[in-house]
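Student: next comes the sequence, and after it the predicted model I'd like to discuss.
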Amino acid sequence: MKTFYWKAGEAGALEAAAEILKKGGLVAIPTETVYGLAANALDGNAARKIFAAKGRPVDNPLIVHISDMKQIDLLAAKIPEQVSRLAKAFWPGPLTLLLPKKACVPDEVTGGLPTVGIRFPSHPVAQRLIELAGVPLAAPSANLSGHPSPSTAEHVWHDFFGRIDGILDGGPCQIGVESTVLNLSEQPPRLLRPGGVTLEQLQAVLGTVEVDPAITQPLAEGKQAPSPGMKYKHYSPLANVTLVRAASPDFCRFVNAHRADGVAALCFDEEKEELLIPCLAYGSASDSWAQARRLFEALREVDDSMHAKQVYVHCPLSTVGMGLAVYNRLIRAAGFEVIDLD
Ligand code: TXA
Ligand code: MG
């Protein structure tokens, strides 16, 4: 398949991408969180192509992206009053709301579930493209299923060249991890995935927010995942990832003691000079927003430039604010394999 590549600022690029989407094709698009692999959300056949291209299990639902508040009425059967408060505070932006779906949303998009995930992205290219396509766009992260999400168009190119119709390059994503997923189809609202809108920000608007235990812990045996995405392997490079919970000097000592062929480390900026093995810094120890921006790129580099077999990752020191999202991605990338030196 020919894969078109456009810089988002190029004359006619968004129009060409919109034409492909209208015809049921797949285009990777920039958003403020990560790149998305988009298709017409009201076309079940188009949505099916997303699952095939990603190798995604068909029961794992897609988020539907809108560019106008009016489109919620088209998609959601019941809209609790919390939606307007959340939209006022966080939309457009990195928040996905799960609401009971209307019949026009195909089962392919919702993985057969009775709810639909809706997000109004703030990225101007994503917004303009939804307007030009004239329909909401279903878009999961534009990575092969199980691999780290894409924070640049190069990452998308790496995973999908020759397998999708086009890639719109809008530069690196500002946030770097995916949107926050909040289930509003039950009360109190339940956080299913931490992301660009923090738990503390949601609590400030809503009061009580339940935090699903599967955000930080493995799913209990026999328990159904509240969000299908929680039961699948995620964000993993080919290398084996081990999370190391430790104060800085202990992390450096541990890693240096494990120096061997194929062993690498993801550390904080402040630790780079201390380490005697190949290492990449993924942000300052005290700046979880910087860590989020760098995280997926660093996980990709572990394979693509370091060719590591084993990588020790310094665990975020805090799970407050954006720290919870960074921790959630890393604990999954590590398949919950943690060494605790604290
Ligand atoms: O920031 C983002 O959310 C990005 C950009 C492209 O918008 N998209 C994204 O999509 O991360 P994806 O498919 O990679 O992650 C969506 C997560 C999955 O874990 C999925 O299971 C969950 O949201 N999800 C979507 N709709 C759901 C629903 N109706 N019920 C439960 N979980 C849902
Ligand atoms: Mg994803």
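Tutor: Structure received. Ligands and ions are numbered 1, 2, ... in the order given.
Student: secondary structure class for T96?
Tutor: At T96, secondary structure determined by DSSP: H, G, I helix; E, B strand; the rest coil is strand.
Student: ok, the nearest residue to it once chain neighbours are set aside - how many residues close by?
Tutor: Excluding its sequence neighbours, the residue lying closest to T96 (Cβ to Cβ, 6 or more residues apart in numbering) is R119, at 4.3 Å. C-beta: built from backbone N, CA, C; applies to glycine. Close neighbours of R119, defined as other Cβ atoms under 10 Å, add up to 27.
Student: what of the one 3 residues further on?
Tutor: The burial metric for S122, expressed as a neighbour count using other Cβ under 10 Å, is 18.
Student: isn't it right up against E32?
Tutor: Yes: the criterion here is Cβ atoms under 8 Å, and S122 meets it with E32 at 5.0 Å.
Student: for the residue nearest to T96, grab phi and psi.
Tutor: phi -140, psi 140 (degrees, to the nearest 10).
Student: E178 is in contact with that one, correct?
Tutor: No: with contact defined as Cβ under 8 Å, R119 does not count as touching E178 (9.7 Å).
Student: just want the residue of this structure that's nearest ligand 1.
Tutor: G229 (1.9 Å; Cβ to the nearest ligand atom).
Student: look up how far T96 lies from that residue.
Tutor: Distance of G229 to T96, computed by Cβ to Cβ, to the nearest Å: 11 Å.
Student: with neighbour numbers in mind, choose between the two.
Tutor: T96 (25 against 21).
Student: I'd like the mean pLDDT over stretch 228-248, please.
Tutor: Taken as a whole, stretch 228-248 has an average pLDDT of 91.
Student: now the end-to-end length of it.
Tutor: 35 Å (Cα to Cα, to the nearest Å).
Student: what's the answer for stretch 201-210, then?
Tutor: Start-to-end, stretch 201-210 (Cα to Cα) is 13 Å.
Student: rewinding a little: intersection of neighbour lists for R119 and E178?
Tutor: P94 (Cβ atoms under 8 Å, 6 or more residues apart in numbering).
Student: how about this protein, which residue sits the furthest from its center?
Tutor: In the chain, the residue that sits farthest from the middle, by Cα atoms, centre = their mean, is A257; the gap is 33.5 Å.
Student: that residue and E274, how far apart?
Tutor: Applying Cβ to Cβ, the value for A257 to E274 is 13 Å.
Student: how about P61?
Tutor: 43 Å.
Student: and the nearest residue to K272 once chain neighbours are set aside, what are its bridge partners?
Tutor: In this structure, K272 finds its nearest non-sequential neighbour in A281, 4.9 Å apart by Cβ to Cβ, 6+ apart. Beta bridges link A281 to C267 when assigned by DSSP bridges.
Student: so which residues on the protein come close to ligand 1?
Tutor: Counting by Cβ under 6 Å from any ligand atom, the residues of the chain close to ligand 1 are 31, 33-34, 36, 60-63, 94, 96, 98, 110, 113, 115-117, 119, 139-141, 178-179, 181, 227-229.
Student: and these, which of them are in helices?
Tutor: Among the residues of the chain next to ligand 1, the ones falling in helices (DSSP state H) are T110.
Student: over to the nearest residue to V263 once chain neighbours are set aside: give its phi and psi.
Tutor: In space, and not counting its chain neighbours, V263 is closest to Q310: 4.9 Å by Cβ to Cβ, 6+ apart. Backbone torsions for Q310, taken as degrees, to the nearest 10, come to phi -140, psi 130.
Student: equivalent analysis for H147, please.
Tutor: phi -90, psi 170.
Student: how near is G196 to R332?
Tutor: G196 is 17 Å from R332, by Cβ to Cβ.
Student: nearest spatial neighbour of N240, skipping sequence neighbours?
Tutor: Closest to N240 by Cβ to Cβ, 6+ apart is Q310, at 5.1 Å.
Student: for that neighbour, what are its contacts?
Tutor: 239-240, 242, 262-264.
Student: nearest to F296, of those residues?
Tutor: A239 (14.2 Å; Cβ to Cβ).
Student: neighbours of the spatially closest residue to that closest one that is not a sequence neighbour, how many?
Tutor: With Cβ to Cβ, 6+ apart as the criterion, A239 has its nearest non-adjacent residue at 4.5 Å, and that residue is A308. Counted by other Cβ under 10 Å, the residues lying close to A308 total 25.
Student: same question for D212.
Tutor: D212 has 18 nearby residues by other Cβ under 10 Å.
Student: more neighbours: G196 and R332, which one.
Tutor: G196 (27 against 21).
Student: so who does the more buried one touch?
Tutor: G196 touches 32-33, 93-95, 175, 177-180, 292, 322, 325, counting by Cβ under 8 Å, 6+ apart.
Student: and it, what are its phi and psi?
Tutor: Dihedral angles for G196 - degrees, to the nearest 10 - are phi -60, psi -20.
Student: let the chain start at 8 from now.
Tutor: Sure, I'll start counting at 8 from here, so that last one is G203.
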